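Enquirer: Turn this into a model:
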Amino acid sequence: MNELIAISRSGALEKRDFDKSPVPLAIYPDLTKRKGTIFLVNKHIDLEILFFTNGKLKIHLDNDTFVAGAGDIVVVNPDVLHNIIPLTESVTYDCIVIERAFLENQGLSLKSMHIKEIIKDQSAFQFITNIKDTLMVNNQGYYVAKINKYLIELTVFLLENHARYKDTPSNTDNGLVAVENSIKYINKHLSEQFSLDDIAEYVGYSKFYFCRQFKTTTGYTLATYVNMQRIKYAHTLLTEGEENVSEVAAKCGFKSVSYFSTTYKKYVGYNPSTKKGMQKNSRSQKGIDYT
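Expert: Residues are numbered from 1 along each chain as shown. Predicted coordinates:
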């Protein structure tokens, strides 16, 4: 069964609310994702660092594609479109997102610097370990100060040892903007019928150039990405809403319930009617997670 990863339907921009946290980071330790997991393309203004402990994956960062595995640190610089595709049966990793505003307040601006995407460095790994260990024992009165210290030290270390000045913007940046705008268009019009011609006209590029740019940036064809986004939305509706399968299919832009069911099963692992039945059953069985 594939696992669906949530992303805001408002566009490709992923947002985090750091105001609710005592420390300027979000951490997701020991994440395990299976081959076939749907990762929708997104970007954010903060610095994201992934440390992989098991498996192998392909990661798309703007126009570049990298292969990473156990022992690799992957850096997602701010404002970079990104997604990952597991190549092995599963991948396991830690994810740390450091608030950009916090770094800038420490004089660590990333506006002109670009940290290397793939890093093999035991010292950087030790900083990540220190952050995880300190968060595990957060009953110390000074743990916030220690976390801030480690975040600063990690970022300074990366900037000093694994960074370069950003290149001058090129024409490829326009292609990235086109991809980002197309994702926003898709998210906004999920319930409607639209074609490649519609999207190409919206972003202002020929169909041939746009399709090539979209595949380069996301790792998916346009048709595959649209289906994944629609199935992700359908999964949410079936989980949280009251609509039946036919209504969900229509709301997610599928003209045929049969095609919707086939596509849903392809990405999720079971029929949408099965998911709906799970939801009805779960209302009378609290504490059981059917997602």
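Enquirer: low-confidence ranges in the stretch 151-291 of the chain?
Expert: For the stretch 151-291 of the chain, the stretches with pLDDT under 70 are 168-172, 275-291.
Enquirer: just checking, what packs against the helix or strand that contains residue 173?
Expert: Here residue 173 is covered by helix 171-188, with elements defined by DSSP states H and E. In terms of contacts (3 or more Cβ pairs under 8 Å, 6 or more residues apart in numbering; DSSP states H and E), helix 171-188 is packed against helix 196-203, helix 207-218, helix 222-240. C-beta: built from backbone N, CA, C; applies to glycine.
Enquirer: got a markdown table for these, with distance to residue 142 too?
Expert: Compiled in a markdown table, these are given as follows (distance: least, Cβ to Cβ, whole Å):
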| stretch | distance to residue 142 |
| --- | --- |
| helix 196-203 | 50 |
| helix 207-218 | 43 |
| helix 222-240 | 41 |
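Enquirer: can you give me the helices for the protein?
Expert: Applying DSSP state H to the chain gives helices spanning 100-105, 122-136, 143-161, 171-188, 196-203, 207-218, 222-240, 245-251, 257-268, 272-282.
Enquirer: Format the helices and strands packed on helix 171-188 as JSON lines; extra columns: distance to residue 105 and mean neighbour count.
Expert: Below are those laid out as JSON lines (distance: least, Cβ to Cβ, whole Å; neighbours: other Cβ atoms under 10 Å):
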{"stretch": "helix 196-203", "distance to residue 105": "36", "mean neighbour count": "16"}
{"stretch": "helix 207-218", "distance to residue 105": "31", "mean neighbour count": "18"}
{"stretch": "helix 222-240", "distance to residue 105": "35", "mean neighbour count": "19"}
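Enquirer: right, so of those, which gets closest to residue 93?
Expert: helix 207-218 (19.9 Å; Cβ to Cβ).
Enquirer: returning to what we had before: closest to residue 249 out of the helices and strands packed on helix 171-188?
Expert: helix 222-240 (7.3 Å).
Enquirer: Work out the gap between the closest one and the centre of the chain.
Expert: With Cα atoms, centre = their mean, to the nearest Å as the basis, helix 222-240 stands 15 Å off its chain's centre.
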